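**Q** Could you look at this predicted model? Sequence included:
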2 protein chains.
Amino acid sequence: MTKNIDSSSPLPANIEEQSGQIPENVARRRLLSGIVASGSALVMSGLFRQAEAADPLPIPKWTKSLGEPVAARPYGLPSPFEKAVIRRESPAEFSPPGYVPPLSTSSWALTPLQDLHGSITPNGLFFERHHGGLPTIDPAQHRLVIHGLVKRELLFSMDDLTRFPAVSKFYFLECSGNSDTSLEGNHGQTAQDVHGLVSCAQWTGVMLSTLLREAGIDIDKARYILAEGADGAAMLRTIPISRAMDDCMIVYAQNGERLRPEQGYPIRLLVPGCEGNINVKWLRRLEVSDIPAFSREETSKYTDLTGPDGIAHKSSLFMEAKSLITFPSGGHELPEAGHYEIRGIAWSGRGKITGVDVSVDGGKNWQPANLAEPVLAKCLTSFTLPWRWDKSSATLISRARDETGYVQPYLEQLFKARGKFFVYHNNAMQPWRIDGNGKVTNGNRG
Amino acid sequence: MTKNIDSSSPLPANIEEQSGQIPENVARRRLLSGIVASGSALVMSGLFRQAEAADPLPIPKWTKSLGEPVAARPYGLPSPFEKAVIRRESPAEFSPPGYVPPLSTSSWALTPLQDLHGSITPNGLFFERHHGGLPTIDPAQHRLVIHGLVKRELLFSMDDLTRFPAVSKFYFLECSGNSDTSLEGNHGQTAQDVHGLVSCAQWTGVMLSTLLREAGIDIDKARYILAEGADGAAMLRTIPISRAMDDCMIVYAQNGERLRPEQGYPIRLLVPGCEGNINVKWLRRLEVSDIPAFSREETSKYTDLTGPDGIAHKSSLFMEAKSLITFPSGGHELPEAGHYEIRGIAWSGRGKITGVDVSVDGGKNWQPANLAEPVLAKCLTSFTLPWRWDKSSATLISRARDETGYVQPYLEQLFKARGKFFVYHNNAMQPWRIDGNGKVTNGNRG
């Protein structure tokens, strides 16, 4: 894969001449050596004969000029060469660069998982899902109220919240509609298209239990927390009190900086391991109650329709163990036979990932993948497995296990268990098919 | 700090009326309840009497309209209300919003530590330090060469590098000029001004040892790796071979996405725990050598001038244990007496932080702070300590310890040990002075 440098190849005897800019050799060389410590400057020092003989690289144009001034961008952005690495509202095949999707206030934008590395999602690429558009909220005006079955109703400014003890935790977030089975052929070709409604960040905020203790819950009656957002959809969801007093947080920061607007600026609820929708953004109101809200987004939507009748039998909040190979994945092309590293991410709403198995023959044989440290509960875990491709067709699948003993299922198993109306909470294994030319496609498709 | 809601206070009896938009009550209420699940809609359901009585919040304007369409920004940015949280080339007192510093290709931009949370620095706020400006490098044209005392000289494209086994690690980076003692009064007032040349990210790339093994080092002769950048400064630094074969990486990604231009796009060298400058950006050339480069940036610059004569006695690469209170810190103002949480970050180039002590009386008494999990080697570690401020003046100091047993020193101890010419590698404790009005200033200043 790497090129051996043939030491008999014609190497640049005079790097300045090759640059086409400096005609006189010695005088200018001496000058140059004071300015830049390039290969040629090293030679000038008389110490590094091997450098002259071996440097096979013409000096690139960006070394021959000064770059942009420092701090030209007080808030930095990716390289212009990475402009295709973006969130997309539609599958990549329908949204090539330049394509403008129809604008909608109730839609999503998917994370480019196939272009990411490690376990952190940069804030600019974190997936989006809004139901009433993206509000622009002034944090100086925003308030959080805790009321209902409490001893003391409380009203918090954003400055109030940052004075409570702060906690920072790495957690994934996944929309329960991720990998939606109702969309034809799993709605696309790439990892982003099919599974891009999952991301991961370090979140900082206050434990919800801290605030609830401050308010004083009526322990005889309180059974639920109703959480309402300040967006145009006034998103309203119900959290069992046991969950609320466990690891839930009111977060105001994400990967070090204040929450992004798409993630609920200035504050959101975080219910670690549970479906994205219940992590209410732009949080405005927490009501301690004895009965659930039975709101639109937990009755007509975001409810699993199970069994042959497709009736909503239960509220399923936790995201079960899941994994995804991100390289090679749909849309990639392997350029040649040889060594590759299969890479992916795994996560479980129930705790830590304990293992990921990978198959390259469509599930006949499995090998354990390497998990990247640190393995954290309810956080993306990277996995890798070395693989030698011999140009024969192959089907790659990964299978996650978590600390509860749960094993990620096949899609057919889920349909069998949940019935034909099953749409949400699809955590099935994803097969990627590789043909003899190295082209990778969605194994669930076509 | 939070307001009790007085239940006898005049609460809005009719939330729609208060909004000034909806005159007729009942009919419109019914309509509204179908659209938004606000407090008043809850009342309509007849289930939540307590909601009406208790909801003290007028419905904000952003709940009464739809927000921006989803995916309006394929690459997201912070809220416009966070526009003051930026990298700054000069201390904040000289660079208020709107101030344009003189443009320079050899300068730095400091991270706003006092506005950050947790241990991750978002890529857009990661500190910058360039010596020849910021080059815009086409990754398709960029190459890395390994040459010198090797069996096989190797030339890598960026695609070649991503095919090697990938490793993801959390590491801090700190410029050895951070907290520069030569600048008057520690050059500023805020944590950003004084100490903003430290940041932390999850880095993904290839182990340098993997590439060196691929090239085959001449083990009898090889003592150093010379690393050269492709920027206009052609930054050149020397790494002892033992370090190079340890935990060094060639990284192409940072916090999940490809390296930012300021951080060396498309690739940089990472020498975990060692001064920023040796983590050569825009990496172009690695030469295996029997002697050091003695380049400009490791002789006339980036060398500690120790002892009474100020002569460079040694090359000091590792960043020793250090800590910094980021709240409350210079520029903050405590609004009232009462509970606060002292927060900060600690790090060591030698390994894990084992403890941070905090004093609120200028170093007379010390208390152990809480360290946030996971504590990772050569990574920022967050610490917190609850504190009750009684409006008397106070001096806050933090002191880090690492797993080698090293304890962060006072500035006077460093001057005594290193002499008056000491400039780089200042890891002294930072005192913040709080006056009776809650105003926080740099305790080393004025």
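**A** Alright, I've got the coordinates.
**Q** who's in contact with the nearest residue to residue A:62 once chain neighbours are set aside?
**A** Spatial nearest neighbour of residue A:62, excluding adjacent residues (CB to CB, 6 or more residues apart in numbering or on different chains): residue B:135 at 3.8 Å. Every C-beta, even on glycine, is put in place using the N, C-alpha and C of the backbone. Neighbouring residues of residue B:135 by CB atoms under 8 Å, 6 or more residues apart in numbering or on different chains: A:62, A:63, A:67, A:68, B:230, B:231, B:232, B:261, B:282.
**Q** neighbouring contacts of stretch A:405-420?
**A** In contact with stretch A:405-420 (CB under 8 Å, 6+ apart) are residues A:181, A:304-310, A:320-323, A:348, A:350, A:363, A:398-401, A:422, A:426-429, A:444.
**Q** follow-up on the earlier one: need the per-residue pLDDT for the residue nearest to residue A:62.
**A** We note a pLDDT of 95 for residue B:135 in this prediction.
**Q** how far away is it from residue A:64?
**A** Distance of residue B:135 to residue A:64, computed by CB to CB, to the nearest Å: 10 Å.
**Q** Residue A:276 now?
**A** Counting by CB to CB - residue A:276 and residue A:64 are separated by 49 Å.
**Q** Show me what secondary structure element comes after the host helix or strand of residue A:202.
**A** Per DSSP states H and E, residue A:202 falls inside strand A:198-207. Downstream of strand A:198-207, the next assigned helix or strand under DSSP H and E is helix A:208-215.
**Q** Now that next one - C-alpha only, CSV.
**A** Only the C-alpha atoms of helix A:208-215 are listed here, as CSV (Å, rounded to 0.1, in the frame of the first residue of the first chain):
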residue,chain,number,x,y,z
LEU,A,208,-31.7,16.0,37.8
SER,A,209,-31.8,14.3,41.2
THR,A,210,-30.0,17.2,42.7
LEU,A,211,-32.7,19.7,41.5
LEU,A,212,-35.5,17.3,42.5
ARG,A,213,-34.1,17.0,46.0
GLU,A,214,-33.9,20.8,46.2
ALA,A,215,-37.6,21.0,45.3
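**Q** report the angle between the axes of the helix or strand that it is followed by and helix A:208-215?
**A** The helix or strand immediately downstream of helix A:208-215 is strand A:224-229, counting by DSSP H and E. Angle between the axes of strand A:224-229 and helix A:208-215 is 110 degrees (criterion: axes from the mean of the first three to the mean of the last three CA atoms, to 10 degrees).
**Q** which sections of chain A are below the confidence cut-off?
**A** In the predicted model of chain A, residues A:1-56, A:92-97, A:99-101, A:183-187, A:313-315, A:446 satisfy pLDDT under 70.
**Q** the helices in it, which residues?
**A** A:15-19, A:26-35, A:39-44, A:49-54, A:158-163, A:191-195, A:208-215, A:241-244, A:411-418 (DSSP state H).
**Q** Quick one: end-to-end distance for stretch A:312-321.
**A** For stretch A:312-321, the first-to-last residue distance is 22 Å (CA to CA, to the nearest Å).
**Q** Any idea how many residues pack against residue A:230?
**A** 29 (other CB atoms under 10 Å in any protein chain shown).
**Q** Next: residue A:362.
**A** Residues near residue A:362, counting by other CB under 10 Å: 14.
**Q** Quickly list the domain ranges of chain A.
**A** What automatic domain parsing lists as the domains of chain A is A:15-63, A:109-314, A:322-442.
**Q** Distance to residue B:390 added to the ones you listed, as CSV?
**A** Shown next, in CSV, are these (distance: least, CB to CB, whole Å):
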stretch, distance to residue B:390
domain A:15-63, 57
domain A:109-314, 16
domain A:322-442, 39
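**Q** Pick the most buried one from those domains.
**A** domain A:109-314 (a mean of 22; mean count of other CB atoms under 10 Å in any protein chain shown).
**Q** Return the member of the contacts of residue B:135 nearest to residue A:83.
**A** When these are ranked by distance to residue A:83 (CB to CB), residue B:261 comes first, at 12.7 Å.
**Q** So the closest one sits against residue B:134, correct?
**A** Yes: using CB atoms under 8 Å, residue B:261 is in contact with residue B:134, at 5.7 Å.
**Q** tell me the contacts of residue A:339?
**A** A:1, A:386, A:387, A:388, B:163.
**Q** Could you measure from the third one over to residue A:253?
**A** Spatial separation of residue A:387 from residue A:253 under the definition CB to CB is 38 Å.
**Q** and what of the fourth one?
**A** With distances taken as CB to CB, residue A:388 is found 43 Å from residue A:253.
**Q** Please look at residue A:371 and residue A:379 and confirm they touch.
**A** No: look at residue A:371 against residue A:379 with CB under 8 Å: they stay out of range, at 11.6 Å.
**Q** Isn't residue A:342 up against residue A:384?
**A** Yes: the criterion here is CB under 8 Å, and residue A:342 meets it with residue A:384 at 6.7 Å.
**Q** Identify the contacts common to the two.
**A** Common neighbours of residue A:342 and residue A:384 (CB under 8 Å, 6+ apart) are residue A:369.
**Q** Could you check how far residue A:323 is from residue A:331?
**A** From residue A:323 to residue A:331 the distance is 19 Å (CB to CB).
**Q** cool, and residue A:312?
**A** Taken as CB to CB, the span from residue A:312 to residue A:331 is 35 Å.
**Q** distance between the ends of stretch A:218-237?
**A** 20 Å.
**Q** And the strands in the stretch 251-400 of chain A, which stretches?
**A** Taking DSSP state E, counting those that start in this stretch, the strands of the stretch 251-400 of chain A run over residues A:257-258, A:268-270, A:283-289, A:304-306, A:311-314, A:322-327, A:338-347, A:353-359, A:367-368, A:370-371, A:381-389, A:394-402.
**Q** Using TSV, lay out the ones you listed together with distance to residue B:394.
**A** Below are the strands of the stretch 251-400 of chain A laid out as TSV (distance: least, CB to CB, whole Å):
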stretch	distance to residue B:394
strand A:257-258	27
strand A:268-270	33
strand A:283-289	34
strand A:304-306	55
strand A:311-314	54
strand A:322-327	50
strand A:338-347	44
strand A:353-359	45
strand A:367-368	54
strand A:370-371	46
strand A:381-389	43
strand A:394-402	47
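**Q** Nearest to residue A:214, out of those strands?
**A** Among the strands of the stretch 251-400 of chain A, strand A:283-289 sits nearest to residue A:214 (CB to CB), with 11.6 Å.
**Q** With chain B in mind, check whether that closest one reaches it.
**A** Yes: using CB under 8 Å from any CB of the partner chain, strand A:283-289 reaches chain B at A:284, A:285, A:287, A:289.
**Q** and the angle for that strand with strand A:224-229?
**A** Using the same axes, to 10 degrees, strand A:283-289 lies at 160 degrees relative to strand A:224-229.
**Q** Identify the residues contacting strand A:283-289?
**A** Residues contacting strand A:283-289 (CB under 8 Å, 6+ apart): A:142-150, A:208, A:211-212, A:215, A:217-218, A:222-230, A:238, A:241, A:250, A:264, A:267-269, B:39, B:48, B:50-51, B:54-55, B:57, B:60, B:63.
**Q** what lines up beside that strand in the sheet?
**A** strand A:144-148 (parallel), strand A:224-229 (antiparallel) (DSSP bridges).
**Q** ok now it, how far from the chain's centre?
**A** In terms of CA atoms, centre = their mean, to the nearest Å, the centre of strand A:283-289 is set 28 Å apart from its chain centre.
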